[in-house]
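Q: Let's see this in three dimensions:
(one chain, ligands or ions: 1)
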Amino acid sequence: MVPPVFIEERLPMPRLSSRSLANVPAGVITPAYDRGGLKAGIVHLGIGAFHRAHMAVYIDDLLAAHPDWAIVGASLRRPDTKEALVPQDGLYTIAIRDASGTHPRVIGSILSVLDANTERDKLIALMASPEIRIVSLTVTEKGYCHDPATGELHAGHPDIVHDLANPQSPKSAPGLIVEALARRRVAAQPAFTVMSCDNLPSNGKTTRRIVSRFAALRDEALGRWVEESVAFPSTMVDRIVPATTDADRETIAGLIGADDAWPIMTEPFTQWVIEDHFPAGRPPFETVGAQMVADVEPFELMKLRMLNGSHSTLAYLGYLAGHQHVADAMGDPAFVKLIHGLMSEEVIPTLHMPGTDLPAYRDELLARFANPALKHRTWQIAMDGSQKLPQRLLGTIRDRLKAGQTITRLALGVAAWMRYVTGIDEKGETIDVKDPMATRLMAIAANAGDDPERLFDGLVEVTEIFGRDLSENGTFRDVVSAHLVSLFDEGAAETVKKVAG
Ligand code: CS2
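A: Predicted structure coming up:
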């Protein structure tokens, strides 16, 4: 006879919502304002985990004094955030994690979430209405529909082709922004400010170039109006936000006494540097910890090259060496040495940041990567490498090659990406390569077989990533190919040990 199975089930809990908020335990921070008195001042496109751990928290901090700056979020690709947040009246938990534990806080700055696919007209009408003064974005690198090597709009991108043919029912972020701006122009309303919060180089300028170009392709006069009337401040955003797991959901339910369909796990560190250029008005971001500056670019370059360059290097090498999380890779002294050397020897000399203690910034990053409570998967960071490599590693490599300097560790990051996109790991198992160019990259890899030279030759020809200059650079070829040979012959862990020295 089969013995009976007893499954221990916890008592059902209420769903997190305005009603259940009153019952969360006293230690949990909850909104310090009457949510009934909030008004939307911001539409945010791409309401994923990063936005909810970053900008939405800064806004939450200032709503008590400035209630007309609440956020309406929109998801462009999937309705899952809307499905999670709408039954919760927009409320969700962020949990700050480090060795001292998990510290939950309920955020109330998101008024509602729209699904751009099914509620497009409502979304565009809201963006076009005068109370919205900022449209911010975290749509990830690929959401800009641009050519990552040049930062120009990719006019042949399927979503752009669609949006140019159907400008009133756009799918892409540039298409939505331009349609809303076009309606404001017709209605003689001032433009909203467009604020990119993505990890792109000069993200304001890049967004400006892409959006103006799209507008000009629709109509030259509209293009000129966008150029002249719309502000695109640059920002540097920083907070590490691993994807939420079911185990996280359980932990949060235990801590807040309610079920939250999509809590966000993050680290204590947060940074936001913003170019102070908001002709349509802005909330006083500086009162809640953001740095308002005249020029963000040095900060962006520092963060993209130091943090994100190291992150991608750790992700590809770590994944190949069998490390599931960044902190696991940081448990291997050879990885720590490699990343320390990458930042100290190869990245810091390319940065010009008078007044910033770059070695201290490096040490803080090493400590953040090693945070054992943050289960940040190497696979998550490995995603979309084709869109990330140019600003994270290749720009630094270009600067160093021009100055006749070595690129040993930076080139290992690139070689590890090439090895990773073959789609087969060191044990012969399949890697789930997520990248808008995955099909093309894996076809190149399949064609190269296990010949590292052919793999290099095939991948470096993808000029949308490498540009012509790097594909023709002999030093780049020699250093990256030598690493690739080592990755195939000796594996990632051994290669890291060797290169770290
Ligand atoms: C990471 C970033 O997934 C990635 O590519 O490098 O999301 C990183 O965690 C953030 O930029 C930190 O601010």
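Q: going forward, measure contacts and count neighbours with C-alpha atoms only.
A: OK.
Q: what does the helix or strand hosting Thr207 rub up against?
A: For Thr207, the host element (DSSP states H and E) is helix 203-218. Residues outside helix 203-218 that contact it (C-alpha atoms under 8 Å, 6 or more residues apart in numbering): 144, 146, 151-153, 164, 167, 174-175, 177-178, 195-197, 200, 222-224, 226-227, 232-235.
Q: That one vs the ligand: in contact?
A: No: for helix 203-218, no contact with the ligand is found by C-alpha under 6 Å from any ligand atom; the gap never falls below 13.1 Å.
Q: give the contact list for Ala327.
A: So Ala327 contacts 369-372, 374-376 (C-alpha under 8 Å, 6+ apart).
Q: mind listing which of those residues are in helices?
A: Phe369 (DSSP state H).
Q: And the contacts of Ala327, which is closest to the ligand?
A: His376 (8.4 Å; C-alpha to the nearest ligand atom).
Q: How about Ile124, nearest residue that isn't a chain neighbour?
A: Ala180 (5.4 Å; C-alpha to C-alpha, 6 or more residues apart in numbering).
Q: State whether the one you found is indeed within a helix.
A: Yes: assessed with DSSP: H, G, I helix; E, B strand; the rest coil, Ala180 lies in a helix.
Q: for the closest residue to Asp121 other than its chain neighbours, helix, strand, or coil?
A: Nearest residue to Asp121, sequence neighbours excluded (C-alpha to C-alpha, 6+ apart): Ser169, at 7.8 Å. Assigned state for Ser169: coil (three-state reduction, three-state DSSP).
Q: near the ligand, which residues of this protein?
A: So far as C-alpha under 6 Å from any ligand atom goes, the chain lies against the ligand at 237-241, 308, 311, 380-381.
Q: Buried ones among those?
A: 237-241, 308, 311, 380-381 (16 or more other C-alpha atoms under 10 Å).
Q: Pull the most distant pair out of these.
A: Val237 and Gln380 (18.2 Å; C-alpha to C-alpha).
Q: Without its sequence neighbours, what residue ends up closest to the residue of the stretch 351-500 of the chain found nearest the ligand?
A: Across the stretch 351-500 of the chain, no residue is closer to the ligand than Ile381, which sits at 3.7 Å (C-alpha to the nearest ligand atom). Sequence neighbours aside, Ala315 is the residue nearest to Ile381 in space, at 5.9 Å (criterion: C-alpha to C-alpha, 6+ apart).
Q: which element is the one you found on?
A: Assigned by DSSP H and E, Ala315 falls in helix 309-320.
Q: Render the CA-only coordinates of that helix in CSV, please.
A: Extracted in CSV, the C-alpha atoms of helix 309-320 (Å, rounded to 0.1, in the frame of the first residue of the first chain):
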residue,chain,number,x,y,z
GLY,A,309,32.2,45.5,-17.6
SER,A,310,33.2,43.5,-14.6
HIS,A,311,29.7,42.0,-14.3
SER,A,312,29.6,40.8,-17.9
THR,A,313,33.1,39.3,-17.5
LEU,A,314,32.0,37.6,-14.3
ALA,A,315,28.8,36.4,-15.9
TYR,A,316,30.4,34.6,-19.0
LEU,A,317,33.4,33.2,-17.2
GLY,A,318,31.5,32.4,-14.1
TYR,A,319,28.7,30.6,-16.0
LEU,A,320,31.3,28.6,-18.0
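Q: Quick one: mean pLDDT over it.
A: For helix 309-320, the mean per-residue pLDDT is 98.
Q: Give me the buried positions along that helix.
A: 309-320.
Q: Now for the residue nearest to Ile381: which residues touch it?
A: Residues in contact with Ala315 (C-alpha under 8 Å, 6+ apart) are 326, 377-379, 381-382.
Q: Verify the stated contact: Val28 with Gly257.
A: No: contact criterion C-alpha atoms under 8 Å: Val28 and Gly257 do not qualify, at 10.1 Å.
Q: next one: phi and psi at Leu126?
A: When read as degrees, to the nearest 10, the backbone of Leu126 gives phi -70, psi -50.
Q: Equivalent analysis for Glu426, please.
A: Torsion angles, degrees, to the nearest 10, at Glu426: phi -70, psi -20.
Q: State the number of residues packed around it.
A: Per other C-alpha atoms under 10 Å, the neighbour tally for Glu426 reads 19.
Q: What of Gly404?
A: 10.
Q: name the element it belongs to?
A: Using DSSP H and E, no helix or strand contains Gly404.
Q: Met292 now?
A: Taking DSSP H and E as the criterion, Met292 maps to strand 291-293.
Q: Flag every buried residue along the helix or strand following that strand.
A: Toward the C-terminus, strand 291-293 is succeeded by helix 297-302 as the next helix or strand (DSSP H and E). By neighbour count on 16+ other C-alpha under 10 Å, the buried set for helix 297-302 is 297, 299-302.
Q: and of those, the nearest to Arg184?
A: For these, the nearest to Arg184 is Glu297 (29.7 Å; C-alpha to C-alpha).
Q: Just to check, the closest one is in contact with Ser202?
A: Yes: taking C-alpha under 8 Å as the definition, Glu297 is a contact partner of Ser202 at 5.9 Å.
Q: Which neighbours do these two have in common?
A: Common neighbours of Glu297 and Ser202 (C-alpha under 8 Å, 6+ apart) are Ser234.
Q: Show me the strands in the stretch 351-500 of the chain, by range?
A: For the stretch 351-500 of the chain, strands defined by DSSP state E, counting those that start in this stretch do not occur.
Q: rewinding a little: neighbour-wise, which of Val28 and Gly257 wins?
A: Using other C-alpha under 10 Å, the more surrounded residue of Val28 and Gly257 is Gly257, with 19 against 14.
Q: Distance of the more buried one relative to Thr245?
A: Separation of Gly257 from Thr245 (C-alpha to C-alpha, to the nearest Å) stands at 18 Å.
Q: which ones are touching Ile177?
A: 127, 211.
Q: and it, what pLDDT?
A: Ile177 is given a pLDDT of 98.
Q: Just want the residue of the stretch 201-350 of the chain that's nearest the ligand.
A: Asp238 (3.3 Å).
Q: Which pLDDT value does the model give that residue?
A: Confidence score, pLDDT, at Asp238: 98.
Q: Can you report phi and psi for the nearest residue to it once chain neighbours are set aside?
A: Nearest residue to Asp238 in three dimensions, chain neighbours excluded: Gln271, at 5.0 Å (C-alpha to C-alpha, 6+ apart). Backbone geometry at Gln271, expressed as degrees, to the nearest 10, gives phi -150, psi 140.
Q: got it, and Ala95?
A: According to degrees, to the nearest 10, Ala95 has phi -120, psi 120.
Q: Among the contacts of helix 203-218, name the buried ones.
A: By 16+ other C-alpha under 10 Å, the contacts of helix 203-218 give 144, 146, 151-153, 164, 167, 174-175, 177-178, 195-197, 200, 222-223, 226-227, 232-235 as buried.
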